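Q: Take a look and give me a structure for this.
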Amino acid sequence: MITLEEIRKPVTAELAAFDEFIERQFTAEGELLADMLRYALSSRGKGIRPLLVILSAAMNASVKGAAGGRRTCLAAMLVEMIHVASLIHDDVIDEADTRRGRPSVNARWQSHKAVILGDYILAKNMNIGLQSGQLDLVTHVCGSMAALCEGEVLQDQCAAEHSMTLKTYLEVIHKKTASLMGVAASVGALAVGATRDRVAMMRRFGESLGMAFQIQDDILDYTPSAQTGKPACNDLREGKITLPLLAVLEHASEEHRADLLGRLARCREDDAAVESLRRTVEEEGGLAAAATAMQGYISRAVEMLADYEESDYRSALVNLCAFIAERDR
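A: Numbers count the residues shown, from 1 in each chain. Have a look, this model is predicted:
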């Protein structure tokens, strides 16, 4: 299996410059806020979104080395800090105690402080972007924040009403995950002066990759052995209907559907209901159906790179597609 370390190799220097850029830009006044900020930024996860920005910039640059410039660092920062802030807010909404194997910000400092930190990161992110004068990059990225909020509200509504459909599910994951991944890929191309067609193509590439990423995440939620940094079957405990369960519900009789939704309603308080539903989804082909859908998006993403000449950067993006499809297996 390909590793992230191998994927990062062609842009090692650019990623190091990005990390230094974040460290310089994201400081805070006041000891408490500074501690919270350092804690949140010290666990940014795999860094797939800034990696996507930088690889896209490198592949689309007409001048060698352009991907290591300030515009690319700024573009990667704008995307990554929206993601970081959204995770902090997600943990508050979900009342999650852990994030990537350690206490979440809300568990460590209480929810109201976590909300303030998320807001602070978003505000500082936009302020840095606007002060830079690179308004094309800021404008390109901004719409993804509204999409994230719309997706979260729609998902919560469907969870409360048990009304999720395939069409709605795809809309939710597009807004919550794929939209920002699409922006990451396209803003990298924009940062180095790529043509409008190339920017649009990279956006479609990133969105396909993002759809696959979220479907794989939803599959892994049903996999107790997966190293995701979150409790297994968390979505079931929160009443969320994601693609594995949805695939089973779509073909269930009315009686079986009512039974499945009844078990889902008990999942918040009943571990036996969680395990029973997880096992049913696996046995009735829900995970396999979701995996087929995920692979379809991966294939679509890889096909979009066919117009680019072979290079280390193109190969890294192809390998990133494979990594996302195979992660935590």
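Q: need the contact list for residue 183.
A: 79, 140, 141, 143, 144, 203, 206 (Cβ atoms under 8 Å, 6 or more residues apart in numbering). In this view, the C-beta of every residue, glycine as well, is placed from N, C-alpha and C.
Q: Select from the residues you listed the one having the most neighbours.
A: residue 206 (31 neighbours; other Cβ atoms under 10 Å).
Q: so where do the strands sit in the protein?
A: Under the criterion DSSP state E, the chain contains strands at 98-99, 102-103.
Q: Give me whichever of these is most buried.
A: Among the strands of the chain, the stretch with the highest mean neighbour count (mean count of other Cβ atoms under 10 Å) is strand 98-99, at a mean of 17.
Q: Sheet partners, orientation included, of that one?
A: strand 102-103 (antiparallel) (DSSP bridges).
Q: quick one on the thing from earlier: just put the strands of the chain in CSV and tack on distance to residue 34.
A: As requested, those are exported to CSV (distance: least, Cβ to Cβ, whole Å):
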stretch, distance to residue 34
strand 98-99, 19
strand 102-103, 18
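Q: Lowest average pLDDT across those strands?
A: Ranked by mean pLDDT, those bottom out at strand 98-99, which scores a mean of 82.
Q: any idea how far residue 299 lies from residue 155?
A: Residue 299 sits 26 Å away from residue 155, taking Cβ to Cβ, to the nearest Å as the criterion.
Q: quick one: which of those two has more around it?
A: Using other Cβ under 10 Å as the criterion, residue 299 and residue 155 rank with residue 155 on top: 23 against 13.
Q: re earlier: figure out which of the strands of the chain is closest to residue 262.
A: Among these, strand 98-99 comes nearest to residue 262, with 28.8 Å by Cβ to Cβ.
Q: low-confidence ranges in the stretch 1-150 of the chain?
A: Scanning the stretch 1-150 of the chain for pLDDT under 70 picks out no residues.
Q: Which helix in this structure has the most residues?
A: helix 135-161 (DSSP state H).
Q: Okay, buried residues for that one please.
A: Within helix 135-161, the residues scored as buried using 16 or more other Cβ atoms under 10 Å are 137-138, 140-141, 144-145, 147-148, 151-152, 154-155, 158-159.
Q: Columns distance to residue 280 on top of those, output as CSV?
A: Output for the buried residues of helix 135-161, formatted as CSV (distance: Cβ to Cβ, whole Å):
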residue, distance to residue 280
137, 47
138, 47
140, 43
141, 41
144, 35
145, 37
147, 33
148, 31
151, 27
152, 27
154, 26
155, 22
158, 20
159, 19
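Q: what's the closest of those residues to residue 173?
A: Of the buried residues of helix 135-161, the one sitting nearest to residue 173 (Cβ to Cβ) turns out to be residue 151, at 7.5 Å.
Q: Settle this for me: the closest one is touching residue 178, isn't it.
A: No: using Cβ atoms under 8 Å, residue 151 is not in contact with residue 178, being 9.4 Å away.
Q: To what extent is the closest residue to residue 59 other than its chain neighbours buried, counted in neighbours?
A: Leaving aside its chain neighbours, residue 59 sits nearest to residue 313 (3.9 Å; criterion: Cβ to Cβ, 6 or more residues apart in numbering). Using other Cβ under 10 Å, the number of residues around residue 313 comes to 22.
Q: Let me see the ranges of the helices in the stretch 1-150 of the chain.
A: Ranges of helices within the stretch 1-150 of the chain are 4-8, 12-25, 31-41, 48-60, 70-94, 105-109, 111-132, 135-161, based on DSSP state H, counting those that start in this stretch.
Q: any chance of those in JSON lines, plus distance to residue 169?
A: Putting the helices of the stretch 1-150 of the chain into JSON lines (distance: least, Cβ to Cβ, whole Å) gives the following:
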{"stretch": "helix 4-8", "distance to residue 169": "28"}
{"stretch": "helix 12-25", "distance to residue 169": "33"}
{"stretch": "helix 31-41", "distance to residue 169": "29"}
{"stretch": "helix 48-60", "distance to residue 169": "22"}
{"stretch": "helix 70-94", "distance to residue 169": "17"}
{"stretch": "helix 105-109", "distance to residue 169": "27"}
{"stretch": "helix 111-132", "distance to residue 169": "25"}
{"stretch": "helix 135-161", "distance to residue 169": "8"}
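Q: Tell me which of those lies nearest to residue 306.
A: Shortest distance between residue 306 and the helices of the stretch 1-150 of the chain, using Cβ to Cβ, is found for helix 48-60: 12.7 Å.
Q: tell me the angle the closest one makes with helix 70-94.
A: 160 degrees (axes from the mean of the first three to the mean of the last three Cα atoms, to 10 degrees).
Q: Can you spell out which helices and strands pack onto helix 48-60?
A: helix 4-8, helix 12-25, helix 70-94, helix 179-191, helix 196-220, helix 312-326 (3 or more Cβ pairs under 8 Å, 6 or more residues apart in numbering; DSSP states H and E).
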